[in-house]
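Enquirer: got a predicted structure here, sequence first:
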Amino acid sequence: MSDDVLVERRDAVQVIVINRPHARNALDASVAHAVAAAVDELDESDELRAGVLTGAGGTFSSGMDLKAYLRGETPEIEGRGLCGITETPPRKPLVAAVEGWALAGGFELMLACDLVVASRSARFGVPEVKRALVAGGGGAFLLPRRVPQAIALEMLLTGDPIDAARAHAVGLVNRLTDDGAALEEALVLAGGVAANGPLAVAASKRVARASTDWSLEEGWRAQREIIDPVFDSQDAREGATAFAEKPDPRWTGR
């Protein structure tokens, strides 16, 4: 694992830290492959149930490293998108912990996460149009799925950033914290997710993300295919037993 990305485990939660504070955590090929490897580990591990993605030094990420780009590097991984998660997000939930700027590709990386915790001084933006570019790493495509279209268009067409209070008000951010506390609150949120049945969590995420492309008629059928195995699982029986008899459930992911 590259020193540009630090990975640690906090109980059942994996913490991924983009560690290039000298470059405002700009994204280059080294960061991209290290983040992709970390989320692969998250999905493959039986012990890990959720992840937190953040940046070191008070910045989430300022976007693509332009110096690396001029050297011919890209933070995109073919078939997987930016840092391996924008096109193919992990099966398990991922929480973004945002301090400072989440800008351009950094903002798109945040959009690939399922939940967002931000400090009150955080700022969010997709400034690509100011350079005659398009937010092609998921900004133009995914942002209108996360916030009202008028808000998404304002951000995409003006390129102007919004502050954390407005991001929270329009539903882009789940929880606001004092400055410096985003990671700890993200760990609380991720820990709450990790305490639940892992099969049910993964299925719930899959249905919620996929359902935007389903018709109403198709949705009931497609949902059933995803959730039926969960109801037939050992974990479902464990959950029912724990509710009836009051012991703490012990999830196996089976």
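Expert: Nice, thanks for sending it over. Worth saying up front: this structure is predicted, and the values here are computed from it rather than measured.

Enquirer: mean confidence for stretch 34-52?
Expert: Per-region confidence: stretch 34-52 scores 95 on mean pLDDT.

Enquirer: need the residues that contact it.
Expert: 1-2, 4-5, 7, 9, 12-16, 18, 53, 77, 80, 83-85, 90-97, 183, 186-187, 190-191, 193-196, 198, 201, 253 (Cβ atoms under 8 Å, 6 or more residues apart in numbering). Heads up, the C-betas are built off the backbone N, CA and C, glycines and all.

Enquirer: now do 7 Å
Expert: 1-2, 4-5, 7, 9, 12-16, 77, 80, 83-85, 90-95, 97, 183, 186-187, 190, 193-194, 198, 253 (Cβ atoms under 7 Å, 6 or more residues apart in numbering).

Enquirer: buried subset of the residues you listed as a PyMOL selection?
Expert: With 16 or more other Cβ atoms under 10 Å as the criterion, this PyMOL line picks the buried residues out of the contacts of stretch 34-52:
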select buried, resi 2+4+5+7+12+13+14+15+16+77+80+83+84+85+90+91+92+93+94+95+97+183+186+187+190+193+194+198
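
Enquirer: among the contacts of stretch 34-52, which are in strands?
Expert: 5, 7, 9, 13-16, 77, 94-95, 97 (DSSP state E).

Enquirer: and these, which is closest to F141?
Expert: I77 (17.1 Å; Cβ to Cβ).

Enquirer: distance of the closest one from L133?
Expert: According to Cβ to Cβ, to the nearest Å, I77 and L133 sit 20 Å apart.

Enquirer: now do K92
Expert: 32 Å.

Enquirer: list of residues touching the strand or helix carrying V116?
Expert: Using DSSP states H and E, V116 sits within strand 115-119. The contact list for strand 115-119 (Cβ under 7 Å, 6+ apart) reads 93, 95-99, 110, 164, 167, 172-182, 185-186, 189.

Enquirer: tally of neighbours for A164?
Expert: Residues lying near A164 (other Cβ atoms under 10 Å) number 24.

Enquirer: same check, this time on A50
Expert: 28.

Enquirer: rewinding a little: following the strand holding V116, which helix or strand comes up?
Expert: Per DSSP H and E, the first helix or strand lying C-terminal to strand 115-119 is strand 123-125.

Enquirer: who are the packing partners of that following strand?
Expert: Here strand 123-125 touches strand 101-103, going by 3 or more Cβ pairs under 7 Å, 6 or more residues apart in numbering; DSSP states H and E.

Enquirer: I'd like to know which elements the strand it packs on is packed against.
Expert: strand 123-125.

Enquirer: buried sites along the strand it packs on?
Expert: 123-125.

Enquirer: can you list those residues in JSON lines and add pLDDT?
Expert: Shown next, in JSON lines, are the buried residues of strand 123-125 (pLDDT from 0 to 100):
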{"residue": "R123", "pLDDT": "97"}
{"residue": "F124", "pLDDT": "97"}
{"residue": "G125", "pLDDT": "96"}
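
Enquirer: how about these in CSV, adding distance to I227?
Expert: Putting the buried residues of strand 123-125 into CSV (distance: Cβ to Cβ, whole Å) gives the following:
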residue, distance to I227
R123, 38
F124, 33
G125, 37
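
Enquirer: for these, which one is nearest A222?
Expert: Nearest to A222 among the buried residues of strand 123-125, with distances taken as Cβ to Cβ, is F124, at 31.8 Å.

Enquirer: show me where pLDDT drops low in the stretch 151-254 of the chain?
Expert: Low-confidence segments of the stretch 151-254 of the chain (pLDDT under 70): 235-236, 238-247.
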